[in-house]
Each structure stands twice: as C-alpha cells, then as structure tokens.
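> Please find the sequence and the predicted model below.
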Protein chains: 2
Amino acid sequence: MSRSGRRPGWPQTRDDILLAARRSFGARGYDATSLRSIAKQADVDPALLVHYFGTKEALFLAALEVTMSPMSMFDGLATVSISEAATLIVRRYLLMLDQERTRDVMLGLVRSAVSSERAATMLREFLGQAMLSSLSPLIDHPDRQLRASLVAAQLIGIAMLRHVVKADAVASASNEELVSRVAPVIEAYLR
Amino acid sequence: MSRSGRRPGWPQTRDDILLAARRSFGARGYDATSLRSIAKQADVDPALLVHYFGTKEALFLAALEVTMSPMSMFDGLATVSISEAATLIVRRYLLMLDQERTRDVMLGLVRSAVSSERAATMLREFLGQAMLSSLSPLIDHPDRQLRASLVAAQLIGIAMLRHVVKADAVASASNEELVSRVAPVIEAYLR
DNA sequence: CTCCTAATTCATTGGCTGTTGAAGTCTACG
DNA sequence: CGTAGACTTCAACAGCCAATGAATTAGGAG
C-alpha cells in the first residue's frame, strides 16, 4: 500500500488478492471475512478488490474456483478392489486436506455453507458432482445415493473435527492411522 | 413492541427472547445473527436483550444452555450388546435432531464453531464431555479416543448433510433407513 | 515524446452492528 | 394513594461494512 497510482513491475497483484482471499475465506468463512481484511493481508487498497472482481461474492467464487476437478480424488477406482478403493479414497482425501490450497477451498466452502444458503448450495452441488457421481457407480445397491452420501458425511465430519473443532484425537492422528481406522468403514458403505 | 413501559401480566418476555435467540442462532449461527433480528422476532426492543443478558455472547451462552445432559443420548449403553448400543446411539441422535430445541442447540453450536474460535472450543468441550467420555469406556482398544471421535465425526457429518447442506439422499431418508445403514458402521468403530 | 489505458489509491456514502444512558410506564408493597 | 423498583422503549454513539466515483500514477503503443 505505497503511494497512489500504478505500481511498477508486472501486476501480479490479482493473484496476491486471490491468495489472501482463499486463505481468509478458508480460515474464517464468508461472513466473518471482510474485504478490508483481505486487502490488508494482500497489502492493497480495499477498492482494488472490487475493481478486479466487482463484488465480495464474485471474489469468493473466484477465490474458491470450485473446479476442484484436478484433485481427481476418485480417479481409477473402478479398476481396483473395493477394499483398495476405500483405502485410496480416504488417503487421497487426507492428502487434499494437507495441501494449503485445496484445504482452504474445502474449508472455505464448509465454513461458509453454515451461514449462507448460497454457499450451502455450492457445497451441495460440489458434493453431488465431485463425490456422489463418482462414487455411486461403484456401489451395487439400490440405495447407492444414500450410501455415497454417508461416505461424504463421514469425510466432512473428519474435516470438521480435524480442522474446525480441532478435536485432539483426530487432529493429532497421523494420516495412515486415520486411513486404517476409516477405510474399513468406507468399505462397508461401498460393499 | 407496543408502547413504551412495562407490559401487563407476567413477564414471560425473557423466555420469548431465549426462544427467538435459540432459533436464530440455530438457523444462521452466531455471526450472522444480529441482536436486532432476535429482538424483532421476539417482538421486543433490542436494548431489552442486553438488559437481560448483558452482552450478545452471554445471550448466546444462555440460549444454547450447553447442558444437553437431559438428552441422555448415551445412557444405559454399557448393559446391552455392542450392536444394540450402536443402533441406540444412531436412533437417539436422529431423535435429538428431530426435536426443535435440541436441534437448534446442536446446529447453533456447529454453525457458530466454524467462524468463532470461542464457539469451536464450546463444541469441542461438548463433544469431549458428552460424547467421548460416555463412548470411550465402551471401546476395548488402545485407541478408544480416536475411535470415539470418528463416531462423532460420522454423526456430525450426518447433521451437516441433513440440515445444513441439505443433501437430498440424507435429508429425505427416514430415520430408520439411516439407522440401518449407519449403525453397522458405528458398531465397527466400537468393536 | 505523447497519449491512452490499466493499475492503484483516496475520500465518501449509506447501512448495519453491539452497546449505552436516559426516560417512560406499569405492578406491588406500604 | 404513593412511591420504589422492575420492565420496557427510545434515541444516540462509535465502529465496521461493502460499494462508488473521482483522482493519481505508471507502462506501453504510436
């Protein structure tokens, strides 16, 4: 936030803003995050955010960039055994929660969904598209949708306890510890 | 919000405020709920809330009244088989989510925990006290804490999908349908 | 060298927030 | 009947919010 006017060098500012926004939304959710706080974190004037993105909600959408598709959490599950699939799902999910970028997106979605109908819809659609549609085909039961949703419930619950509530046992367990406890349960839903 | 001054009859107003507060916090969480909106819902002046409770946070605490003990979700589990215990846990939990009062408390806690460290601590302590301490003794494993926490994760995930995200499959399933799918999984954690 | 345009900031607006202090109005007790 | 005190409202403050519009600065094209 130096003196007024255009900054020298190449304007990477837009990305700085997106980074700060993703971190803030991920850490506190939509409502609790102000444009001003994002701007301060990006060392930039608040008006610049609306110049680039128009509105707070648009910035939220841009920062979370809901195309989590490259995370490919559910690729290649059809070609392995059910028990291997269950293990892979849990391991990949925990890996996603380990990487700052994807974790911030996930937590930003969850943290915002609880107080905004808009964000709840985003999360619902994300789940329906990314998880249920990839998971349901693996399940050979008339109630595949329900079973797949319960898998999602278990995973979201783990994210809540690990990163939001910060419950000791779940927060301090290693990934492989969690995999070995949770995978059999996921397997039970798939089978 | 009639004309000024004391209202005739017995002042049940305090309870009206608590009811409106519990509903609002349960529906939107701490941050997204304003004293003014609660006051309007209770048909009362905003200043009256602080006269009775002092501060917004105190009202939050009073409204959620974290002594959910009468719900006794985990009573008498030691005397039945593990499989019966699992069924009872899920059924009682869903029952709690069916009753407005306890559901509002639970959802208020969850909805507020995601954006307030304070509320996250409350939820963590509630889980530690109400669930883990009642559940752990049932589990004959060195990692009972982790297993109990994963049960909690599954249950919280169900509340999220059913009442926050409103995922179709979980929201429209009957209680007994859910019990029959989830109980075996809980049993796996306990066994 | 000169403009045009993109990047950035500044000052401001209107609205909502939690909280405060004073005033009004009723009930119950003496 | 009157007055103390509980109940309730009113008006206001200071602080934060998202958003707007004009002003300032720099890079790049001609």
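Done, it's in. Numbering: from 1, shown residues only, chains lettered A, B, ... in the order given.
> check which helix or strand covers the most centrally placed residue in chain A.
Central residue of chain A (CA atoms, centre = their mean): A:Met106, 1.2 Å from the mean position. Per DSSP states H and E: A:Met106 is located in helix A:100-113.
> what does A:Ile186 give?
Here A:Ile186 is assigned to helix A:175-190, by DSSP H and E.
> helices or strands up against that helix?
Using 3 or more CB pairs under 8 Å, 6 or more residues apart in numbering or on different chains; DSSP states H and E as the contact test, the elements touching helix A:175-190 are helix A:82-98, helix A:144-159, helix B:144-159, helix B:175-190. Just so you know, the C-beta spots here come from the backbone N, C-alpha and C atoms, and that holds for glycine as well.
> Can you tell me which of those is nearest to DNA strand D?
Across these, DNA strand D has its closest neighbour in helix A:144-159 (24.6 Å, CB to the nearest atom of the strand).
> Tell me the helices and strands packed up against that closest one.
helix A:82-98, helix A:100-113, helix A:133-135, helix A:175-190, helix B:144-159, helix B:168-172, helix B:175-190.
> repeat that for 10 Å
Here helix A:144-159 touches helix A:82-98, helix A:100-113, helix A:133-135, helix A:168-172, helix A:175-190, helix B:144-159, helix B:168-172, helix B:175-190, going by 3 or more CB pairs under 10 Å, 6 or more residues apart in numbering or on different chains; DSSP states H and E.
> Using JSON lines, lay out these together with distance to B:Arg22 and mean pLDDT.
As requested, these are exported to JSON lines (distance: least, CB to CB, whole Å; pLDDT from 0 to 100):
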{"stretch": "helix A:82-98", "distance to B:Arg22": "32", "mean pLDDT": "96"}
{"stretch": "helix A:100-113", "distance to B:Arg22": "21", "mean pLDDT": "96"}
{"stretch": "helix A:133-135", "distance to B:Arg22": "36", "mean pLDDT": "88"}
{"stretch": "helix A:168-172", "distance to B:Arg22": "28", "mean pLDDT": "97"}
{"stretch": "helix A:175-190", "distance to B:Arg22": "33", "mean pLDDT": "98"}
{"stretch": "helix B:144-159", "distance to B:Arg22": "16", "mean pLDDT": "97"}
{"stretch": "helix B:168-172", "distance to B:Arg22": "22", "mean pLDDT": "97"}
{"stretch": "helix B:175-190", "distance to B:Arg22": "23", "mean pLDDT": "98"}
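> just those: most buried one?
A comparison of these by mean neighbour count, using mean count of other CB atoms under 10 Å in any protein chain shown, puts helix B:144-159 on top with a mean of 25.
> A:Glu65: neighbour count?
11 (other CB atoms under 10 Å in any protein chain shown).
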